[in-house]
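Q: A predicted structure for the sequence below; I have some questions about it.
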Amino acid sequence: MSLVRLNIKGISYSQTQNGAYALILNELDGDRKLPIVIGAFEAQSIAIALENEIRPPRPLTHDLFKNFADRFDIVVKQVIIHKLVDGVFYSSLICERDKIEEIIDARTSDAIALALRFDAPIFTYKNILDKAGIYLKVDLTTEDEETEDSILVNDLLANELESTTFGENYASKSLEELHKLLSKAVENEDYETAAHVRDEISKRK
């Protein structure tokens, strides 16, 4: 089976499931997308990895994993989303130490958070991209944790889930005020707010 490289198109609050976020992975050389439900913690961790200017005062779980791996010369070479069952994605970390390769199972959200920290490419199989298109009626209204890492299509229909800012309106604030808010949010470890403020700063560059 042929592998297809993916990149991250956007991450946003889920409109269909409370407390969840929507991550969109985009086919690198095409237009197909994989919409995935992820938890709030994983969403914040991914957002922080995407935003170079947000530096947590203490390492998050995925940062700790990266520091641990660096200390013991373990490298995550790539992430493969290798299976889709009942709307839920399954992923693997392809790791290497002392030229020995190991495959480790992981939740897709964790795998992507780590891929960003290791600058590792993200792949899936062509048949998963084909298969994902038929899961348009998956019911994601429950709050069961098993819905994480599953397909989220309703959100994808809303502007293809470009990164969005919700909650407080930052448009009226000056850049100086935004940078102060960003620093305060990071200091308080409020990474959700930090990500939104950073989005507003980025829009003005």
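A: Received the coordinates, thanks.
Q: ok, now how distant is the residue nearest in space to the middle of the chain from Arg55?
A: The residue lying closest to the centre of the chain (Cα atoms, centre = their mean) is Ile46, at 4.5 Å. Between Ile46 and Arg55 the distance is 15 Å, computed by Cβ to Cβ, to the nearest Å. C-beta: built from backbone N, CA, C; applies to glycine.
Q: His62 too?
A: 14 Å.
Q: What of Arg204?
A: 21 Å.
Q: Likewise for Gly30?
A: 34 Å.
Q: Ok, Leu114 next?
A: In terms of Cβ to Cβ, Leu114 sits 18 Å off from Arg55.
Q: which of these two has more neighbours?
A: Of the pair Leu114 and Arg55, Leu114 is the one with more neighbours under other Cβ atoms under 10 Å, namely 25 against 10.
Q: Shouldn't that one be within a strand?
A: No - counting by DSSP: H, G, I helix; E, B strand; the rest coil, Leu114 is not part of a strand but helix.
Q: check contacts around it.
A: Leu114 sits next to 62, 65-66, 76, 79, 93, 106, 120 when contact means Cβ atoms under 8 Å, 6 or more residues apart in numbering.
Q: circling back to that earlier point, residues contacting the residue nearest to the centre of the chain?
A: Counting by Cβ under 8 Å, 6+ apart, Ile46 makes contact with 8, 11, 23, 38, 109, 112-113, 116.
Q: Using CSV, list the CA coordinates for whatever helix or strand Phe89 lives in.
A: Using DSSP states H and E, Phe89 falls within strand 88-97. Extracted C-alpha coordinates of strand 88-97, given in CSV (Å, rounded to 0.1, in the frame of the first residue of the first chain):
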residue,chain,number,x,y,z
VAL,A,88,-11.4,6.0,14.8
PHE,A,89,-7.8,6.5,13.6
TYR,A,90,-4.9,4.4,14.8
SER,A,91,-1.3,5.5,14.5
SER,A,92,2.3,4.3,14.9
LEU,A,93,5.5,6.0,15.8
ILE,A,94,8.5,4.8,13.8
CYS,A,95,11.4,5.2,16.2
GLU,A,96,15.1,4.6,15.9
ARG,A,97,17.9,4.1,18.4
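Q: Thanks again, I'm all set now.
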